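Trainee: Need a 3D model of the sequence below.
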Amino acid sequence: MSVLTTKEILNIIPHRQPFMLIDTIEELEAGVKAVGKKCVSYNEPFFAGHFPEEPVMPGVLIIEALAQVGAVAILSMPENKGKIAYFGGIKEARFKGMVRPGDVLMLETEIIRMKGPVGIGDAKADRDAMKSDDPVKREFKVNKPCEKCVTDITEIKGKDGKLYTSVIFDCFDLTALGLSMDTNMKAELCVETVKNAVKSYPELKGAILHSDRGSQYTSEKYREILKHAGFVQSMNSAGGRCHDNARCESMWARMKEELFYSRNRKSEDYTVAELKTMIRRYYMSYWNNRRICSANGGLPPAVKRKKYYESLSSAA
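Mentor: Residues are numbered from 1 along each chain as shown. This next block holds a predicted model:
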């Protein structure tokens, strides 16, 4: 389900047909980031002249579409309501392929700096972004390790910036299989998480990896690493609801409660570097090896996993 429909977008930005170049907004964090979608049809007015015999969407219009997505992000801030965002300039634009009728463009613009009325964004249009089926269907229980996993990203505010944490959890025993952290939430963050998980657990080949429908998980880079690692991709059902990836949501809540809230701490009391150390120790040391989990029958993830493999040895 889209965050904003076409009608709702028209209430935020002043663009109208034939120069309205986004259909829906799929993700929105006001003042920070927006992800839009453009379904390119043969009836687009620009194809009449560019080019009738070989219709290709002009690159400048792809950039304009990205700018419109960025405008949605900025003008969604309460203090900017009713204003107009003007396109000020382009730096280092590159085109890697042609966009033709029938293509679906995922348009992602992240606002990396705001100085007064001027904003600078990092934008990407992905023609190859796709969504996958949902073979998990909210059934997170499995009978053996490395068969079904879930992954997600959470944001943690630090004293000197934001930290984004990506983790892959095993549905069998809740082991944190792979972890990656960065100050942005681009696709590369999730790619590194997959690489780290496979490096530690090569037996993950063939496992289902479930996520939400964020642009990181629909990106070509992410799908390529899943293919290379042998994962089967799964995503939230169409019109995704929070229950579709509830396992990850509960994991984030526990981590924040145990590291900060229950100790009367705030994440903003720590630098990003300090938060990285705290979170890595929490998951890879405490959580995996010592944290008692009710879903594991009161056992830490490592203990449940060890018992499983010991039972196989006994049966043999």
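
Trainee: Give the buried residues for stretch 190-207.
Mentor: Within stretch 190-207, the residues scored as buried using 16 or more other Cβ atoms under 10 Å are 190-194, 196-198, 201, 204, 207. C-beta coordinates here come from the backbone N, C-alpha and C atoms, glycine included.

Trainee: Can you pull out the residues in contact with that stretch?
Mentor: For stretch 190-207, contacts defined as Cβ atoms under 8 Å, 6 or more residues apart in numbering pick out 145-149, 151, 153, 166-168, 177-180, 182, 209, 211, 216-217, 221-222, 225-226, 229-232.

Trainee: same thing but 6 Å
Mentor: The contact list for stretch 190-207, computed with Cβ atoms under 6 Å, 6 or more residues apart in numbering, reads 146-147, 149, 166, 168, 177-178, 180, 216, 221-222, 225, 229-231.

Trainee: how many other residues sit next to residue 147?
Mentor: Per other Cβ atoms under 10 Å, the neighbour tally for residue 147 reads 15.

Trainee: could you dump stretch 12-23 to CSV, C-alpha only?
Mentor: These are the backbone C-alpha positions of stretch 12-23, laid out as CSV (Å, rounded to 0.1, in the frame of the first residue of the first chain):
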residue,chain,number,x,y,z
ILE,A,12,2.0,18.7,-1.4
ILE,A,13,3.7,19.7,-4.6
PRO,A,14,2.4,22.2,-7.3
HIS,A,15,3.2,20.0,-10.3
ARG,A,16,0.3,19.1,-12.7
GLN,A,17,0.0,17.1,-15.9
PRO,A,18,1.7,16.8,-18.3
PHE,A,19,4.6,17.5,-15.9
MET,A,20,3.6,15.4,-13.0
LEU,A,21,6.1,12.6,-13.1
ILE,A,22,5.4,10.5,-10.0
ASP,A,23,2.5,8.2,-9.5
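
Trainee: mind listing what's buried in that stretch?
Mentor: Buried residues in stretch 12-23, counted by 16+ other Cβ under 10 Å: 12-13, 15, 20-23.

Trainee: export those residues to CSV and tack on distance to residue 281?
Mentor: Output for these, formatted as CSV (distance: Cβ to Cβ, whole Å):
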residue, distance to residue 281
12, 42
13, 44
15, 48
20, 49
21, 46
22, 42
23, 44
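
Trainee: Nearest to residue 29, out of those residues: which one, please.
Mentor: residue 12 (14.0 Å; Cβ to Cβ).
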